[in-house]
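A.B. asks: Sharing a sequence plus its predicted fold:
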Amino acid sequence: MNLCIPAMGPEGLTAIVSEHFGGAPYFTIYNTESQQLKVLENMNLHHSHGACQPLKAISGLDIDAVVCGGMGARALILLNQGGVRVYLGRAGTVQEITAAFQRGDLPELTPANACSQHSCQD
């Protein structure tokens, strides 16, 4: 399974997870089976609220799930329509978040608990 984890830096497993999907400078792609990872720069970083294009940011990467600290409802719906599930992983490193995901400790993000603005914390 390929996870996409928005990160604050390009350090891979030791990178700090970004608080918000669309505002992340990098995306760490982690394969839970092979334990391989790649880090990509977010080329859609600078956008106005509601203009995030999540499928464009990760298109062609065969992503099964995104784990992030927050995401707007529109981006969530677009990802879900593209077959990508989204989970909440608010703090820690990419390594800590991948371990929590594999243990089944992360709740799935729904439109009811999605962000309503860029500075959201719930």
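C.D. replies: Arrived safely. If you're wondering where the values come from, they're calculated on a predicted model, not measured in any experiment. Numbers count the residues shown, from 1 in each chain.

A.B. asks: how about the helices in the protein?
C.D. replies: Applying DSSP state H to the chain gives helices spanning 54-58, 73-81, 94-103.

A.B. asks: For the second one, list every residue counted as buried.
C.D. replies: If I follow you right, that is helix 73-81. 73, 75, 76, 78, 79 (16 or more other C-beta atoms under 10 Å). Just so you know, the C-beta spots here come from the backbone N, C-alpha and C atoms, and that holds for glycine as well.

A.B. asks: From residue 68, how far out is the last one?
C.D. replies: Distance check for residue 79 against residue 68: by C-beta to C-beta, to the nearest Å, it reads 10 Å.

A.B. asks: so what sits against both of those two?
C.D. replies: Shared contacts of residue 79 and residue 68, defined by C-beta atoms under 8 Å, 6 or more residues apart in numbering, comprise residue 86.

A.B. asks: any idea which residue of the chain is furthest from its center?
C.D. replies: Centroid-distance maximum for the chain: residue 34 at 19.3 Å, with C-alpha atoms, centre = their mean.

A.B. asks: Now do it, the pLDDT please.
C.D. replies: Residue 34 is assigned 96 on the pLDDT scale.

A.B. asks: thinking again about what came up before, how about JSON lines for the helices of the chain, with distance to residue 88 added?
C.D. replies: Converted to JSON lines, the helices of the chain look like this (distance: least, C-beta to C-beta, whole Å):
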{"stretch": "helix 54-58", "distance to residue 88": "15"}
{"stretch": "helix 73-81", "distance to residue 88": "11"}
{"stretch": "helix 94-103", "distance to residue 88": "10"}
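
A.B. asks: Out of those, point me to the one whose mean pLDDT is lowest.
C.D. replies: When those are ranked by mean pLDDT, helix 54-58 comes last with a mean of 66.

A.B. asks: Check the offset of stretch 98-113 from the chain's centre.
C.D. replies: Stretch 98-113 sits 11 Å away from the centroid of its parent chain (C-alpha atoms, centre = their mean, to the nearest Å).
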